[in-house]
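> what's the 3D shape of this:
(chains A, B and C)
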Amino acid sequence: MPPVLDMRDISKSFGGTLALSRFSLVLEPGRIHALVGENGAGKSTLIKTMTGIYQPDSGEILVDGQPVTFPGTAAAQRAGIAAIYQEPMVFPDLSVAENIFISHQNRPRLINWSKLNDEAAAMIARLGVSLDPIRAAAELTLAEQQTVEIARAISLNARILIMDEPSASLSDHEVKRLFGIARSLRDQGVAVLYISHRLEEIFALADTVTVMRDGKHISTKPVAEVTQASMIAEMVGRDMAGRFAREPSKNTGVTLLKVSNLAKTGTFRDVSFTVNKGEIVCFSGLVGARRTDVGLALFGVAPADAGTVEIAGQPVTITSPNQAQSLGIAYVSEDRRKLGLALTEGISANITLPMLGKYAGAFGWLDRMRELADAQAFRQQLNIRAANLTVPVGTLSGGNQQKVMLAKWLNTRPRLLIVDEPTRGIDVGAKAEVHQILRTLAAEGVAIIIISSDLPEVLSLADRILVMREGRIVGEFAGDTATDESVMRLAVAAPDTVTGVA
Amino acid sequence: MTALRSWEGLLFAVLILIYAVNAWNSPVFLTVGNQINMFQLSVEKIIVALVMTFVIINGEIDLSIASVMGLAACAFGWMVQQGAPAGGAVAIALAIGFLCGAFNALFIVGFGIPSLVVTLATMIAFRGFARVLVEDRGISDFPDWFDALGQKGLIGPVPLAMVLFAVFAVLAYLILQRTAFGRKVYFIGANRAVAEFSGLEVRAVKARIFIASGVISALAGLLFAARVGAVRGDIANGFELDVITMVLLGGVSIFGGTGTMSGTILAILIVLALRNGMALENITGHIQTGVLGILLILSVMVPIIRETGTRLIARVR
Amino acid sequence: MRVPLGTLRILVLLAVFVATGLFFASQIDGYLNARLFNRISGSVAVIALIAVGQAFVVLTRNIDLSIGSVVGGTAYFTGGILIAYPGLPPMLVPFLAMAIGAVFGAANGFLVARFRLPSIIVTLATLAIFRSILVQSSDGSSITTDRLPPWLTEFATMNAFTVGDLQIRWIVVISVLVVLTAHIFLTRFRAGRTFFAIGSNPDAAAFAGIDAGRTIFLAFVISGALAGLAGFMFLSRFGNITVVAGLGLELKSVGAVVVGGVNIFGGSGNVLGVLIGAALIDLIDTSLVRWALVSAFWREAVLGLLILLAVAADTVLMRRLLRRKPTGGAP
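Here you go, the predicted structure:
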């Protein structure tokens, strides 16, 4: 069969970073093609290029052998390319049938509801499932909403269906149903591109698998010819030159944090670990492994339902960020824009925000000189590059914003510092600086938890590595003996295939 | 910061211009009597504009202010009519303002319904309560000392209203720009999630602001009653337009987080001078309000205008 | 058999309406009679029109606070034109009024859709601006009944047909026809569904290729045009039009829409519910006047609290509905 989609040597860069580098991919009708890669390997950029959200810098895209360009999503849709995501995009107030047919421009102006419902039911039946077409989308489960999205794509004659982590928040039963849908689409001649972190799903579902790494195409092979181990090796394979050097541990051996059987329904469970003063513990795992949820529970943003937490031997129940702060916990969020900084406000105001009480005198009068002095100290200590301390944080580079965020939380003098993705989206120089700051803090006796998807970073910083997968800690490594592959194998493998880990 | 400063600079220039044009048009404009009169006729609105600045920077809106003014004034009038001592009636009217603010806060902070919707409903309801109290009558015959507060000079020719405004303006400026509370107001408006994440008591701050809005509005209603010497059910109707215009014209973003008290104060002066100038030209109240409406639309377009301006400047550079 | 949420809302609303009627019937002697129907139906006809227009706007997650001024403005301008040209064919006049209203609505729609300004601020401003245009052009003088052509003032009380003592006036027939047309448009036409789609999920709407700006603009034009038609009826009913004509009608329209079960945050609602909402509000208004126990001046307070109650109940219900939605989640 001739390929329905042929992407040749596609490159796309953002401000100097190459997200896709001469990437090629061929999709054939009636086949399920899996795409795997680490977080940040360039998968989302690839999908956005295929669906017309991004335009490639170079390379060409052929549909049915004809070169095409997608100036926008509509053009990609017309070419028969559709994508569904982890979070379905539906109209909650509209019925299933309407959700399916809303963007059909060629239907009659007058709606014949019974005909519409019949056609919707038929469309859903094609997917091998049943769903009442008159129900409102708001009443459906996530999996059912996904089904509606798939039906919408198919009703628009999609011949290429991209499924981006569709199973990430589904239950086992729902995943089985999703597989059934994917298979029946395959049998009807649709080319399916299936993206998942769960490697066992790829063996259960796909015909072909492509591995990508750092925006590059690594391999494309029939699933029968690969093993989990070979895929993992290709996903992480990296020259040693890219690794940061390790430094001796500052672990004091004095336990600061002890977490036992922490759980939150539908999110994580059986989470037990300790962190010592001066120790750097890294949480490794894939997106959706619920590492951030554990961090947010410890910081009181989304408190856990069960389990115990002890800080310096005292049992505590943390229910708000305010309380977490007073216990000496600080949390540097992965999401600078949404949770980290108020971008329109100045540097010093952002830094002193959690500690306003310290600067407020009678009637809440702020000692601005003292604020500026403290901010200035951090500016020097962390090497924050900015014209002055009152410029809006939004005008700084990503690396400097990250340092302001660190300064904000270091100013609370934490005993336990949780850092989520400490160096995401910042340049190499700033990255090394941030690593050095974290090491210095450990040397000062701060207990540090780092949540990071960046394996080289984890391997360079961690005294211990805890690997999470689907809401549970599935293994632990000593930082100096772990390797890319050993960590990744645990992070992606099905729990029942992992036994007797380190 | 420089952009903000330049907006205030622009406002200042506009203010000077309006003063110049008014002075040119009417010899009366710059007289002390007219200047005092100008403040006195609008003191209710401008006091509320100060607290509205907090509300909008905090990312909310309070459409019920004019109705709270009306309700407090009518409640006062009704109590005096029933024979209550005026001093006690003033205190109870202020307490009603407090309750109105707390009622808004209950729905906004407690139930999480957007302030736009809540205060639109309470704007109707509070006005309704005012009408229940005074029906279609007018109530006057207040004690002389009460009327004097609104009509006579307190310090020389300067009436209580102007003194209050001056004091409140300074207080509002200091609280918003110099205290921890003011800092919290900005951060909550700029990014509520960041504020919560940083341990700020977001709900308490919002509740306090709405309650302050209620109390100050009630005070403004009383000042209005004292100035006019009478109350009616429709007292202060439609004032929210003036107040919101003053704040937005002052450079406060309707989406919260940005703006300054000095911007609001400059905008207040502009609106006052503009209205006074029109009044001296014998332009009717309805038309003045229409001009304010245009001004309001222009001020919500401020971010768009500013953005275009910055882009143009960048291109020139 | 599961009852859809929308149908349930209308049933509840009807029950509340009937209960309110029965309550007042028990309180006021000789309450339920043809005169009550004749009186209420006339004013509901006007409010239902503006409420339906408001519903289009609210469905798209916006609000139109300028309606009162549009009604006043069109009543005034239409009256003025009729005084200048008394020979205009009567059939043409309602359309003329709708065109005038549509121009006002288009101004709102342009500002909101083109510059993405918050509609509450824009229409709060145009509420004042439209009113001042009216004042400016009227120069303070009023339209009076005796200067209008006689057919116009007779029209308001002209019966289309009678059922026993019940007089069904033409304005009621027109208003009901408008409601039904709007209902059919919103429920059976693809173009009508886009109003729901935009309010329900603007991002998904953009993704589905729906032009939000055009639809929002259209919603304001419809709102303006229906307010214009209401202005024509207003003129016909009252004859005397001063510069304060229509003051406060915008709040009644918002009330009818919200009480009628349209989600104030857009995306869902039914104009049949809006009609009942308008009737309910007017029933309470009219009945309070005749109820000895409580003063008629309670009506605004009741309206405000009713809106708050409807919104709060809706918010709580929607939240419960969303919470019911099971999620897969991690094992």
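> where does the residue of chain A found nearest chain C sit relative to A:Ala482, distance-wise?
Closest approach between chain A and chain C, counting by CB to the nearest CB: A:Gly266, at 3.3 Å. Any C-beta I mention is one placed from the backbone N, CA and C, and that applies to glycine too. Distance of A:Gly266 to A:Ala482, computed by CB to CB, to the nearest Å: 30 Å.
> With neighbour numbers in mind, choose between those two.
A:Ala482 (23 against 18; other CB atoms under 10 Å in any protein chain shown).
> Quick check: phi and psi at the more buried one.
Torsion angles at A:Ala482 (phi, psi; degrees, to the nearest 10) stand at phi -70, psi 150.
> Could you name the helices and strands sitting against the strand or helix carrying A:Asn400?
Using DSSP states H and E, A:Asn400 sits in helix A:398-410. The helices and strands touching helix A:398-410, judged by 3 or more CB pairs under 8 Å, 6 or more residues apart in numbering or on different chains; DSSP states H and E, are strand A:329-332, helix A:347-352, helix A:368-381, strand A:416-420, helix A:428-443.
> what mean pLDDT would you report for it?
For helix A:398-410, mean pLDDT is 93.
> What's the local residue count around residue 74?
No chain in the question, so chain A it is. When neighbours are counted by other CB under 10 Å, A:Ala74 comes out with 13.
> oops, I was thinking of chain C
Neighbour tally, C:Thr74, other CB under 10 Å: 34.
> For the nearest residue in space to it that is not next to it in sequence, grab phi and psi.
Nearest residue to C:Thr74, sequence neighbours excluded (CB to CB, 6 or more residues apart in numbering or on different chains): C:Gly231, at 3.1 Å. Main-chain torsions, C:Gly231, degrees, to the nearest 10: phi -60, psi -40.
> okay, C:Gly231: pLDDT?
pLDDT at C:Gly231 comes out at 95.
> Can you get me a residue count around it?
34.
> separation between it and chain B?
18 Å (CB to the nearest CB, to the nearest Å).
> That residue contacts C:Ile67, correct?
No: judged on CB atoms under 8 Å, C:Gly231 makes no contact with C:Ile67 at a distance of 9.8 Å.
> what residues are shared contacts of those two?
C:Gly246 (CB atoms under 8 Å, 6 or more residues apart in numbering or on different chains).
> ok, residue 102 - contacts?
By default, I'm working from chain A. A:Ile102 neighbours (CB under 8 Å, 6+ apart): A:91, A:94, A:152, C:193, C:197, C:208, C:210.
> hm, I was asking about chain C
C:Ala102 neighbours (CB under 8 Å, 6+ apart): C:221, C:224-225, C:228.
> Kindly reformat these as TSV containing distance to C:Gly277 and secondary structure.
Below are those laid out as TSV (distance: CB to CB, whole Å; DSSP: H, G, I helix; E, B strand; the rest coil):
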residue	distance to C:Gly277	secondary structure
C:Val221	23	helix
C:Gly224	21	helix
C:Ala225	20	helix
C:Gly228	21	helix
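> filter those residues down to the ones close to chain A.
When contact is defined as CB under 8 Å from any CB of the partner chain, the contacts of C:Ala102 do not meet chain A at all.
> Please tell me how far A:Arg8 sits from A:Lys358.
59 Å.
> tell me which residues in the worst-scoring helix or strand of chain C on mean pLDDT are buried?
Least confident helix or strand, chain C: helix C:299-324 with a mean of 79, by mean pLDDT, DSSP states H and E. The neighbour-count check on helix C:299-324 (16 or more other CB atoms under 10 Å in any protein chain shown) flags C:299-308, C:310-312, C:314-315, C:318 as buried.
> ok, the residues you listed vs chain A, which is closest?
Nearest member of those to chain A, counting by CB to the nearest CB, is C:Met318, at 8.2 Å.
> domain ranges for chain A?
A:5-237, A:242-328+A:414-497, A:344-413 (automatic domain parsing).
> Kindly report the residues of the stretch 1-150 of chain A close to chain C.
Checking the stretch 1-150 of chain A against chain C by CB under 8 Å from any CB, the hits are A:73-74, A:89-94, A:98, A:102-103, A:105, A:107-111, A:113, A:134, A:136, A:138-143.
> Then B:Leu17 would be within a helix, right?
Yes: looking at B:Leu17 with DSSP: H, G, I helix; E, B strand; the rest coil, it is inside a helix.
> How much space separates it from chain C?
Distance from B:Leu17 to chain C, by CB to the nearest CB: 22 Å.
> so how far is chain B from C:Gly101?
From C:Gly101 to chain B the distance is 18 Å (CB to the nearest CB).
> Going by secondary structure, that residue is in what exactly?
Going by DSSP H and E, C:Gly101 is part of helix C:92-115.
> If you count neighbours, what's buried in that helix?
C:93-94, C:96-98, C:100-109, C:111-113.
> Next: stretch A:424-443.
A:424, A:426, A:430-431, A:433-435, A:437-439, A:441-442.
> residues in contact with it?
A:244, A:247, A:250, A:278-280, A:334, A:382-383, A:397-400, A:402-403, A:406, A:410, A:417, A:419, A:422-423, A:448, A:450, A:454, A:457, A:460-461.
> Got a ChimeraX select line for the buried ones in those residues?
Here is the ChimeraX selection string for the buried members of those, based on 16+ other CB under 10 Å:
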select /A:250,278,279,280,334,382,399,400,402,403,406,410,417,419,422,423,448,450,454,457,460,461
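> residue ranges with poor pLDDT in the chain?
Using chain A. Along chain A, the parts satisfying pLDDT under 70 run over A:1, A:16, A:238-244, A:494-502.
> Switch to chain C, please.
C:1-5, C:140, C:318, C:320-331.
> where along it do the strands fall?
In chain C, the strands defined using DSSP state E lie at C:159-163, C:166-169.
> Generate TSV for the ones you listed, with distance to chain A and mean neighbour count as supplementary columns.
Converted to TSV, the strands of chain C look like this (distance: least, CB to the nearest CB, whole Å; neighbours: other CB atoms under 10 Å in any protein chain shown):
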stretch	distance to chain A	mean neighbour count
strand C:159-163	28	11
strand C:166-169	29	18
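> Low-confidence regions, chain B specifically.
Using pLDDT under 70, chain B drops low at B:1-5, B:310, B:312-317.
> Close to chain A: what parts of it are there?
B:1, B:175, B:178-181, B:183-184, B:186-187, B:190-191, B:193-201, B:257-258.
> So which of those reach chain C?
Okay, of those, nothing touches chain C (CB under 8 Å from any CB).
> Quick check on these: which are buried?
B:175, B:179-181, B:183-184, B:186-187, B:190-191, B:193-200, B:257-258.
> Filter these down to just the ones in helices.
Those of those mapping onto helices are B:175, B:180-181, B:183-184, B:186-187, B:190, B:193-197, per DSSP state H.
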